[in-house]
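[1] what shape does this take:
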Amino acid sequence: MLRLTMVCLTVLLVCTARAAGAADCPTLPPPYNGPIFDANVQAWNPKVDGLVAAADSAGVKRIAFFANSKGGDQTETAKAVLALAQAHPDLFVLGAPKVGFITSGDLPRGFIGETVTGVRNGTYKFVGEILYTHGDKPDHPPTRTGDIYVDPGGAGTKQLLAQLAPFNVPLLTHFEAWAWDRDKAHFDQLYAAWPQQRFVIPSVAYGSADKMEAMLSAHPNVWATISRIVDGRFEFVDPAKAAKLGPVMFDRCGALLPEWLALLTKHSDKLMYGSDYYANQTGNWFSYFGVIDRYRRIAGQLPPDVAARISWDNAAALFGLASSKSMPPP
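    You can find the predicted model right below:
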C-alpha cells in the first residue's frame, strides 16, 4: 500500500501538469537546488542503512531522525536508528523515539523517563512526534474509535515538559485538522502555557492555510513542517475526516496556490520542510529521491530567501547547526 502510494506521489506534479495540457499550464521556475534539512524522517523498522545513500542522491544534507517505536528506546528499531546516527553524525540529528497509538489516555511513564534521560545525557537533540491525535489510515492498525486522542493538557505532558525545561529541545506535537474544533483550543493552551518550550507541528496538521496562519501567528514558540501538504497524502479510512482537511499546496499544473504562497512567505522564519518519510516493513527508501524532488519543485516557486529559510535555515537554527550560506550545493 505504502509503496504504491509513494510511487504515485513521486510523479504527482508531472502527471497533473500533463493532464492539464501543456498549452494551458504556465512554465514553472526551475526547482530549488540548494541544501535541504529534512526536519522529519522516521524509521518503522531496523532496516535503516539505505537512508544514507538515499539522502545523498537527493541532496539532503541533514536529517532530523527518530524511531517510531512502541517499545521505547530498547527496541531493535530504536537501537538501529541510534547506531546509524552515531555512525553518521554529520547527516543525522537524533530525536527521542516517537510515541504513538497511545491507549492509556496519557503519555506512558516509561516514555517520559527514557526521553528525559536521553535528552539529559545528550543522546537526543529533540523529541520525536507525540501522537496526540491521529485518524485511522489504511496503512496503520485500526483503532476501536477510529482515531487516537490524547489530551495535550494531561499530567504526563506537564511532567515531560517540566523535566525538559532546562534543555530547550524542540518537541514535535502531532494533531490533525479534521478535529480542529475539538483540538485547537487544547493546543493553544498547551503552547501558551509553556512559552519557553519550542514546539513543532508536523505536516502543518494536514490543515488549510488559514488554520496554520491562526496557529503560527498566535504562538511565537511554534514552528511547523509542511511535508504532508506537499505530499497530498490524506488517506483516512473515514472520508468525513478527509473532507475536513486542507488542500494540497499546488494546482493541477503544479503551481503553488496563492494562499499557500502567502503563508509560506509570511511565516518563512517558522516553517520547515520535513518529508515525514518512513519505510514500511520492507525497509525500502527507494522513493525518497522522488519525494525530495517534488519538494524542490515547490520550493523553486518561492523567493530565493524564503526557499533557503524553509529548506535549511530554520531547521538548522532550531537544531543548532549552520546557515545555508555556509553549505555547498547538493
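[2] pLDDT below threshold where in the stretch 1-150 of the chain?
    Scanning the stretch 1-150 of the chain with the threshold set as pLDDT under 70 gives 1-23, 70-73.
[3] got the residue ranges for the helices in it?
    Here the stretch 1-150 of the chain has its helices, by DSSP state H, counting those that start in this stretch, at 2-10, 12-20, 50-58, 76-87, 109-120.
[4] so what touches the fourth one?
    Right, the one you point to is helix 76-87. Residues outside helix 76-87 that contact it (C-beta atoms under 8 Å, 6 or more residues apart in numbering): 43-49, 51-52, 65-69, 71-73, 92-94, 97, 123. Just so you know, the C-beta spots here come from the backbone N, C-alpha and C atoms, and that holds for glycine as well.
[5] so how do I select the buried members of these in PyMOL?
    Buried subset of those, written as a PyMOL selection, criterion 16 or more other C-beta atoms under 10 Å:
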select buried, resi 43+44+45+46+47+48+51+52+65+66+67+68+69+72+73+92+93+94+97+123
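[6] take the contacts of helix 76-87 and keep only those in strands.
    The strands, defined by DSSP state E, take in Ala43, Phe65, Phe66, Ala67, Phe92, Val93, Leu94 from those.
[7] hmm, the fifth one is touching Ile63, no?
    Yes - with contact taken as C-beta atoms under 8 Å, Phe92 and Ile63 are classed as touching, separated by 5.4 Å.
[8] run through the residues that contact Met249.
    Ile226, Ile229, Val230, Leu256, Leu257, Trp260, Ile298.
[9] among those, which ones are buried?
    By 16+ other C-beta under 10 Å, the contacts of Met249 give Ile226, Ile229, Val230, Leu256, Trp260, Ile298 as buried.
[10] of all these, the one with the weakest confidence?
    Among those, Ile229 carries the lowest pLDDT, at 69.
[11] export the buried ones among the contacts of Met249 to JSON lines and tack on distance to His186 and secondary structure?
    Formatted as JSON lines, these follow (distance: C-beta to C-beta, whole Å; DSSP: H, G, I helix; E, B strand; the rest coil):
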{"residue": "Ile226", "distance to His186": "22", "secondary structure": "coil"}
{"residue": "Ile229", "distance to His186": "22", "secondary structure": "helix"}
{"residue": "Val230", "distance to His186": "26", "secondary structure": "helix"}
{"residue": "Leu256", "distance to His186": "31", "secondary structure": "strand"}
{"residue": "Trp260", "distance to His186": "26", "secondary structure": "helix"}
{"residue": "Ile298", "distance to His186": "30", "secondary structure": "helix"}
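[12] show me where the stretch 151-300 of the chain has helices.
    Using DSSP H, counting those that start in this stretch, the helices of the stretch 151-300 of the chain run over 155-164, 180-193, 209-218, 227-231, 239-243, 258-266, 288-299.
[13] now the first one - C-alpha only, CSV.
    In other words, helix 155-164. Extracted C-alpha coordinates of helix 155-164, given in CSV (Å, rounded to 0.1, in the frame of the first residue of the first chain):
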residue,chain,number,x,y,z
ALA,A,155,-0.5,15.2,33.6
GLY,A,156,2.0,13.2,31.5
THR,A,157,2.7,16.1,29.1
LYS,A,158,3.1,18.5,32.0
GLN,A,159,5.6,16.2,33.7
LEU,A,160,7.5,15.7,30.5
LEU,A,161,7.7,19.5,29.7
ALA,A,162,8.7,20.3,33.3
GLN,A,163,11.6,17.9,33.1
LEU,A,164,12.6,19.0,29.6
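[14] just the buried positions in that helix, please.
    Using 16+ other C-beta under 10 Å as the test for burial, helix 155-164 gives Gly156, Thr157, Lys158, Gln159, Leu160, Leu161, Gln163, Leu164.
[15] quick one: list the elements packing against that helix.
    Judged by 3 or more C-beta pairs under 8 Å, 6 or more residues apart in numbering; DSSP states H and E, helix 155-164 is in contact with helix 109-120, strand 126-131.
[16] strand 92-96 and that one, what's the angle between them?
    On the basis of axes from the mean of the first three to the mean of the last three C-alpha atoms, to 10 degrees, helix 155-164 is oriented at 130 degrees to strand 92-96.
[17] tell me the mean pLDDT over helix 155-164?
    Mean predicted confidence for helix 155-164 is 97.
[18] what's in contact with it?
    106-109, 112, 115-116, 119, 127, 130, 171, 190, 194, 197.
[19] gap between the two ends of stretch 159-175?
    20 Å (C-alpha to C-alpha, to the nearest Å).
[20] quick one on the thing from earlier: now distance to Asp38 too, for the helices and strands packed on helix 155-164, in JSON lines please.
    Formatted as JSON lines, the helices and strands packed on helix 155-164 follow (distance: least, C-beta to C-beta, whole Å):
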{"stretch": "helix 109-120", "distance to Asp38": "21"}
{"stretch": "strand 126-131", "distance to Asp38": "13"}
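[21] just say which of those is most tucked in.
    Ranked by mean neighbour count, the helices and strands packed on helix 155-164 are led by strand 126-131 with a mean of 25 (mean count of other C-beta atoms under 10 Å).
[22] just for the stretch 201-330 of the chain, where's the confidence low?
    For the stretch 201-330 of the chain, the ranges with pLDDT under 70 are 228-229, 231-234, 279-283, 321-330.
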